[in-house]
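Enquirer: coords please:
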Amino acid sequence: MRRAASLFGPGLFKSCSGSTTVQGLKGALAPRLSLRLYAAAQNQLEKLRNIGISAHIDSGKTTLTERVLLYTGRINKIHEVRGKDGVGAKMDFMDLEREKGITIQSAATHCQWGDSHINVIDTPGHVDFTIEVERALRVLDGAVLVMCGVSGVQSQSITVDRQMKRYAVPRIVFINKLDRMGAEPYRVISQVRQKLHLNAAAVQVAVGVEAGFDALIDIVTMQLVTFAGNSGEEITRHDKIPQAYTEIVKQKRDELLLRLADGDDQIAEMLMEGVTPTVEQIKAAIRRGTLAHTFTPVFMGSALKNRGVQLMLDGVIDYLPSPLERQNFALNAAKQEEKVQLISDPKLPFVGLAFKLDETKFGQLTFMRVYQGSIAKGDTITNVNTDKRVKVPRLVRMHANEMEDIQSVGPGEICAMFGVDCASGHTFATGGLRYTLQSMHVPEPVMSLSVTTKKKEQSANFAKALAKFQREDPTFRVHVDSESGETIISGMGELHLDIYIERMRREYGVEAVTGRPLVAYRETIGCTGNFDYTHKKQTGGSGQYAKVIGYLEPIPYEGLQRVTEFANETVGGSIPPQFIVAVQKGFDDAMAKGPLTGFPITGVRMVVTDGNSHPVDSSEMAFRVATVSAVREGMEEAGASVLEPIMTVEVQAPAEYQGSVLAGINKRKGTVDSAEADNDYCRIRAQVSLNNMFGYASDLRSTTQGKGEFTMEYLQHQPVTKEMQKQLVEAYKKKLAQERAEKK
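Expert: Next up is the predicted model:
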């Protein structure tokens with residue numbers, strides 16, 4: 001067994017004490033490195049792991065991370081998630097996180113396991129904070145996907161798996177909470193295969209389940225592993241496996257080998273020849289399969305009961321990649337965005353990605369992943385996105401909310417910089433490189449609130465808070481409604497926006513008043529609509545004249561992103577070329593605000609086939625105005641409709657409340673997809689309009705006596721009912737009439 005080593009890792013950076021390592025050397029010294037030192041640097045990189053711990057909410061990620069910190073020597077005492085002891089888990093350092101018992105912001109730390117160094121990012125499990133998972137996975141080399149041994153694969157498990165696949169991040173699975181009533185690890189593995197489409201197999205067998213869970217059998221080494229001590233820190237391996245488990249161990253080991261053989265030719269050939277693979281050969285095959293995404297090893301245990309965490313850490317080292325084993329690419333802006341592979345080599349010019357920002361009392365803290373070269377305090381680096389040269393005044397490594405000053409950091413590492421102005425997703429480089437790294441996927445907000453301050457004197461702090469939150473979180477948007485003058489904040493859900501309202505109060509002393517939630521409706525068309533619009537206005541002197549002819553047609557759309565297209569098919573200069581740009585601008589104006597409800601239009605393609613102009617009265621403004629009216633004319637002929645966001649809702653509650661939960665979903669006009677009962681709990685999945693989900697948290701608490709919980713995630717936009725569309729259109733007309741009256 002590996003044992004926790006020293007606190008600060010195997011020398012991957014230069015600390016303030018002045019001890020220099022190869023990766024801590026600046027690029028200017030790199031040519032003088034001996035082959036021996038260079039080999040030592042590569043050896044250290046091979047022992048580095050950058051991992052994220054991700055899962056559905058309440059699967060035990062933060063509890064698991066707390067045990068990782070204990071066993072690796074980063075903390076001396078365990079504290080639980082909700083902060084009941086007045087301290088709380090190390091990685092949930094925000095007061096709101098400790099009060100609510102959930103992770104809101106991802107937190108980074110670093111630790112040592114054996115002679116390997118691990119950078120760990122603990123991510124939120126709630127769908128409202130999915131951007132934290134997104135940007136963590138963008139810069140990580142591997143991940144631990146945590147599953148609840150009772151609930152199995154849940155909605156956010158599927159989302160996180162999709163994010164891992166988006167960035168091709170190898171993962172291992174850890175089935176947690178095997179001490180809980182109803183825990184069935186092999187049922188969870190079956191769900192991983194069916195719902196996540198992963199070729200997964202257990203590398204362990206649990207000895208006992210629920211209250212009787214006490215030990216694990218490593219089916220790779222064929223040893224019984226027991227845990228002792230106050231915190232399960234004393235591990236003993238026994239060569240003798242209990243008689244009662246010999247049959248299931250053989251069955252699960254055979255299953256493991258067969259699953260490996262599906263994607264590994266070496267194991268397949270050995271099995272066909274009747275040769276039993278050695279422990280080293282099995283481990284090598286698991287590693288090859290994990291890195292190639294053809295196999296996923298499944299570990300198990302109970303973080304709360306201090307069982308199995310050390311074996312999972314062994315799995316992180318044995319099966320997840322080092323920075324040397326991951327291919328990372330940049331686009332060379334100097335060569336028409338030619339794709340260039342980045343090399344984890346301290347000798348090469350520095351290239352790094354700013355993936356997360358945090359505004360602190362010391363200024364902006366920028367989290368950086370170093371992909372190539374090295375960076376040192378005092379270095380001058382270039383923001384490739386803005387062409388600005390900046391000096392690095394301070395470098396730190398993070399341990400949750402604690403900072404450790406460092407002098408330099410090398411390739412493959414994660415650090416943070418103070419005093420560097422940039423945006424999330426910006427690339428930094430040296431040596432004249434014009435490389436840019438592709439940024440992370442940012443989902444569109446699904447709901448909005450109007451917000452203002454109770455007291456006018458709080459306006460300055462209100463503006464500061466909104467500016468800070470926008471810099472921190474790309475999914476938090478702010479705009480001022482051009483007609484009403486109201487400040488509108490948009491985000492990923494009720495909880496997301498509630499957290500920011502509460503943070504305004506705590507961090508800035510701003511008492512905010514919110515209006516009724518605004519749903520992200522969209523408008524679209526279902527068939528082709530023609531338009532032939534003439535804009536003509538004479539006021540004495542030169543007037544305004546523009547004519548636009550063509551049609552609108554539906555195009556496929558998906559998700560919250562606005563999908564629109566413009567095509568110019570005019571011939572013979574019926575619309576002079578200098579006015580085509582104005583027509584397109586008018587189309588963009590029209591798409592931003594639909595004629596029915598004022599919400600954006602999606603899924604529409606505008607084709608301009610003809611038109612007319614006047615040598616004196618035509619202008620860019622005339623064609624822009626004409627196009628807006630032409631779109632309205634085409635939308636009316638095509639039968640415009642309103643779309644609303646539909647959410648996938650997953651409810652978990654005691655089985656005795658299943659009828660009440662189903663009745664509540666039906667009351668909100670939801671469509672039930674599935675209803676499963678596992679022991680004493682039921683799990684219900686349904687599709688419900690976001691507009692009908694407001695206030696559901698209170699209703700669910702009431703009907704289940706506080707024992708039920710739910711999550712929801714954006715699924716798609718669907719047309720609203722005719723009755724609902726009529727109400728929305730009438731409400732929009734009243735709003736416009738009221739605004740016109742106020743202007744008079």
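Enquirer: SS state for A686?
Expert: strand (DSSP: H, G, I helix; E, B strand; the rest coil).
Enquirer: Tell me how many other residues crowd it.
Expert: A686 has 23 neighbours, counted by other C-beta atoms under 10 Å. Glycine gets a C-beta too; all of them are placed from N, C-alpha and C.
Enquirer: Tell me the pLDDT of it.
Expert: Note on A686: pLDDT of 94.
Enquirer: do the same with the one 3 residues further on
Expert: pLDDT for S689: 93.
Enquirer: Can you verify my assumption that it contacts T648?
Expert: No - if you go by C-beta atoms under 8 Å, S689 and T648 don't touch, sitting 11.8 Å apart.
Enquirer: so what's the residue lying closest to A202 once chain neighbours are set aside up against?
Expert: Spatial nearest neighbour of A202, excluding adjacent residues (C-beta to C-beta, 6 or more residues apart in numbering): V298 at 4.7 Å. V298 makes contacts with 172-175, 185, 189, 192, 200-204, as judged by C-beta atoms under 8 Å, 6 or more residues apart in numbering.
Enquirer: Now with 10 Å, please.
Expert: 145, 147, 172-175, 185-186, 188-189, 192, 198, 200-204, 256, 315 (C-beta atoms under 10 Å, 6 or more residues apart in numbering).
Enquirer: And C682, by the same measure?
Expert: Here C682 is in contact with 651-659, 661-662, 675-676, 708 (C-beta under 10 Å, 6+ apart).
Enquirer: That one and R668: what is the separation?
Expert: 18 Å (C-beta to C-beta, to the nearest Å).
Enquirer: ditto for N50
Expert: From N50 to R668 the distance is 42 Å (C-beta to C-beta).
Enquirer: quick one: which of those two has more around it?
Expert: The neighbour count for N50 versus R668, taken as other C-beta under 10 Å, is higher for N50 (27 against 18).
Enquirer: And what about the more buried one, helix, strand or coil?
Expert: Classified using three-state DSSP, N50 is strand.
Enquirer: so the most centrally placed residue in the chain, which of the three states?
Expert: In the chain, the C-alpha nearest the mean C-alpha coordinate belongs to E134, at 2.4 Å (C-alpha atoms, centre = their mean). Of the three states, E134 takes helix under three-state DSSP.
Enquirer: Look up the closest residue to it, ignoring the ones flanking it.
Expert: Nearest to E134 is M440, by C-beta to C-beta, 6+ apart, at 5.0 Å.
Enquirer: and what of V188?
Expert: For V188, the spatially nearest residue (C-beta to C-beta, 6+ apart) is G152, at 4.3 Å.
Enquirer: I figured that neighbour hits I158, correct?
Expert: No - the criterion here is C-beta atoms under 10 Å, and G152 misses it with I158 at 11.1 Å.
Enquirer: Need the overlap of contacts for the two.
Expert: 56, 195.
Enquirer: more crowded one of the two?
Expert: In this comparison of G152 against I158, neighbours counted by other C-beta under 10 Å, the higher total goes to G152 at 24 against 16.
Enquirer: The more buried one bridge partners, please.
Expert: C148 (DSSP bridges).
Enquirer: any idea how far R193 is from it?
Expert: To R193, G152 is 11 Å away according to C-beta to C-beta.
Enquirer: Find the residues that touch each one of the two.
Expert: Here G152 and R193 have no joint contacts, going by C-beta under 10 Å, 6+ apart.
Enquirer: residues contacting Q154?
Expert: 55-59, 125, 147-148, 160, 191, 195, 650, 652, 683, 685, 711.
Enquirer: Can you report phi and psi for it?
Expert: Backbone torsions of Q154, given as degrees, to the nearest 10, read phi -120, psi -180.
Enquirer: okay, and for the protein, where does confidence drop off?
Expert: 1-42, 79-105, 125-127, 439, 482-484, 539-541, 559-560, 679, 744 (pLDDT under 70).
Enquirer: follow-up on the earlier one: filter the contacts of Q154 down to just the ones in helices.
Expert: 160, 191, 195 (DSSP state H).
Enquirer: Among the residues you listed, the buried ones, what's the PyMOL command?
Expert: Buried subset of those, written as a PyMOL selection, criterion 16 or more other C-beta atoms under 10 Å:
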select buried, resi 160+191
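Enquirer: Strands - which of the contacts of V298 land there?
Expert: Among the contacts of V298, the members found in strands (DSSP state E) are 145, 147, 172-175, 200-202, 204.
Enquirer: ok, of those residues, which one's closest to E247?
Expert: A202 (14.8 Å; C-beta to C-beta).
Enquirer: burial count for that closest one?
Expert: Burial of A202 is recorded as 23 neighbouring residues (other C-beta under 10 Å).
Enquirer: residues in contact with it?
Expert: Contacts of A202 (C-beta under 10 Å, 6+ apart): 173, 175, 185-186, 188-189, 217, 219, 252-253, 255-256, 259, 297-300.
Enquirer: Next, count neighbours for the closest residue to Y657 other than its chain neighbours.
Expert: Once flanking residues are discounted, Y657 sits nearest to T704: 4.6 Å by C-beta to C-beta, 6+ apart. When neighbours are counted by other C-beta under 10 Å, T704 registers 21.
Enquirer: Please name the residues that touch T704.
Expert: T704 touches 651-654, 656-658, 660-661, 664, 710, counting by C-beta under 10 Å, 6+ apart.
Enquirer: 8 Å instead?
Expert: Each residue near T704 by C-beta under 8 Å, 6+ apart is listed here: 653-654, 657, 660-661.
Enquirer: The stretch 151-300 of the chain: strands as residue ranges?
Expert: Assigned strands in the stretch 151-300 of the chain, in chain order: 171-176, 200-202, 204-207, 215-218, 223-228, 234-238, 296-300 (criterion: DSSP state E, counting those that start in this stretch).
Enquirer: Could you look over those strands and pick the most buried one?
Expert: Comparing those by mean neighbour count (mean count of other C-beta atoms under 10 Å), strand 171-176 comes out on top with a mean of 28.
Enquirer: residues contacting the nearest residue to Q652 once chain neighbours are set aside?
Expert: Of all residues not flanking Q652 in the chain, R683 sits nearest, at 5.1 Å (C-beta to C-beta, 6+ apart). Residues near R683 by C-beta under 8 Å, 6+ apart: 151, 154, 650-652, 675-677.
Enquirer: Identify the farthest-apart pair in the residues you listed.
Expert: Every pair of those checked by C-beta to C-beta; the farthest is Q154 and A677, at 15.4 Å.
Enquirer: Could I have the CA atoms of the longest strand seen in the chain written out in CSV?
Expert: Criterion DSSP E: the longest strand present in the chain is strand 641-654. Output in CSV follows, covering the C-alpha atoms of strand 641-654 (Å, rounded to 0.1, in the frame of the first residue of the first chain):
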residue,chain,number,x,y,z
SER,A,641,-45.4,30.2,-32.3
VAL,A,642,-43.9,30.5,-28.8
LEU,A,643,-41.5,28.0,-27.4
GLU,A,644,-40.9,27.3,-23.7
PRO,A,645,-38.1,25.5,-21.9
ILE,A,646,-38.9,22.0,-20.8
MET,A,647,-36.9,20.6,-17.9
THR,A,648,-36.0,17.1,-16.9
VAL,A,649,-37.1,16.8,-13.3
GLU,A,650,-35.9,14.0,-11.0
VAL,A,651,-37.6,13.6,-7.7
GLN,A,652,-36.4,11.3,-4.9
ALA,A,653,-38.6,10.7,-1.8
PRO,A,654,-39.6,7.9,0.6
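Enquirer: Nothing else from me, thank you.
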